[in-house]
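Visitor: structure for the following, please:
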Amino acid sequence: MFTAVKKLSNVLCLVALCITLSVPAMAKDKVSKDFPVSYKGDSRLAEEVAHAIRMYPWYDIFDWVEGTVHNGVVTLTGEVREPFHKDDYGKMVARIPGVKRINNELRVLPLSRFDDQIRWAAANTIYRDPMFTAYAIQANPPIHIIVENGKVTLTGVVRNPMEKQIAETKVRTSVMAFDVTNDLKVEERG
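Guide: From the prediction side, this is the model:
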């Protein structure tokens, strides 16, 4: 009697093991029919888009590019200095697996020597200040300087409200710009 119970117990364990192993395989087949292998959630796709933007070799502090994702459709917004940058960003993002379509709404800033002088003056004013040295040595400094027709917009992220205010004040008092808009965000502390 004990041997029969033991054999039955072993058979039941083997059946339970087979069922356990086959359920994920069946679920995988079900998922792969409903969602192609290349399917990614929007949040994961957004991370890959952000990474691709940061890795673009000509992405610098004078461009500002953002990408949003909704149902696999990527919308690029922001401003770039060179016309070929707009096309490059679109092509680069299109190569990311899972991207269904791209809405390239990047604006190309006017080519202007006057704006270039303002860009460099603002960059020197901010990044040569000892308060912003830690930002200046980063591969992708977080404060971006967008200049259009003599008007400066500061965008990006700083650690605290004081840095946000000092960056704006330095540009307002040291750079010959028509206007300065401070769109810097303060880093969220968690």
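
Visitor: for the residue positioned nearest the centre of the chain, what are phi and psi?
Guide: For the chain, Ala50 is the residue whose C-alpha lies nearest the centre (C-alpha atoms, centre = their mean; 2.3 Å). Main-chain dihedrals, Ala50, degrees, to the nearest 10: phi -60, psi -40.

Visitor: against Ile126, how distant is it?
Guide: 23 Å (C-beta to C-beta, to the nearest Å). In this view, the C-beta of every residue, glycine as well, is placed from N, C-alpha and C.

Visitor: spatially nearest residue to the residue nearest to the centre of the chain, not counting backbone neighbours?
Guide: Spatially, and ignoring its direct neighbours in sequence, Ala50 is nearest to Gly67 (6.4 Å; C-beta to C-beta, 6 or more residues apart in numbering).

Visitor: and that neighbour, bridged to which residues?
Guide: Per DSSP bridges, the residues bridged to Gly67 are Leu76.

Visitor: residues touching Glu168, list them.
Guide: Leu154, Val180, Asn182, Leu184 (C-beta atoms under 8 Å, 6 or more residues apart in numbering).

Visitor: 6 Å instead, please
Guide: Applying C-beta atoms under 6 Å, 6 or more residues apart in numbering, we find Glu168 in contact with Asn182.

Visitor: can you tell me the helix or strand for it?
Guide: Using DSSP states H and E, Glu168 sits in helix 161-174.

Visitor: off-centre distance for that helix?
Guide: 25 Å (C-alpha atoms, centre = their mean, to the nearest Å).

Visitor: residues near Ala122, how many?
Guide: 25 (other C-beta atoms under 10 Å).

Visitor: what helices and strands are in contact with the helix or strand where it lies?
Guide: In the assignment (DSSP H and E), Ala122 maps to helix 113-127. Packing partners of helix 113-127 (3 or more C-beta pairs under 6 Å, 6 or more residues apart in numbering; DSSP states H and E): strand 143-148, helix 161-174.
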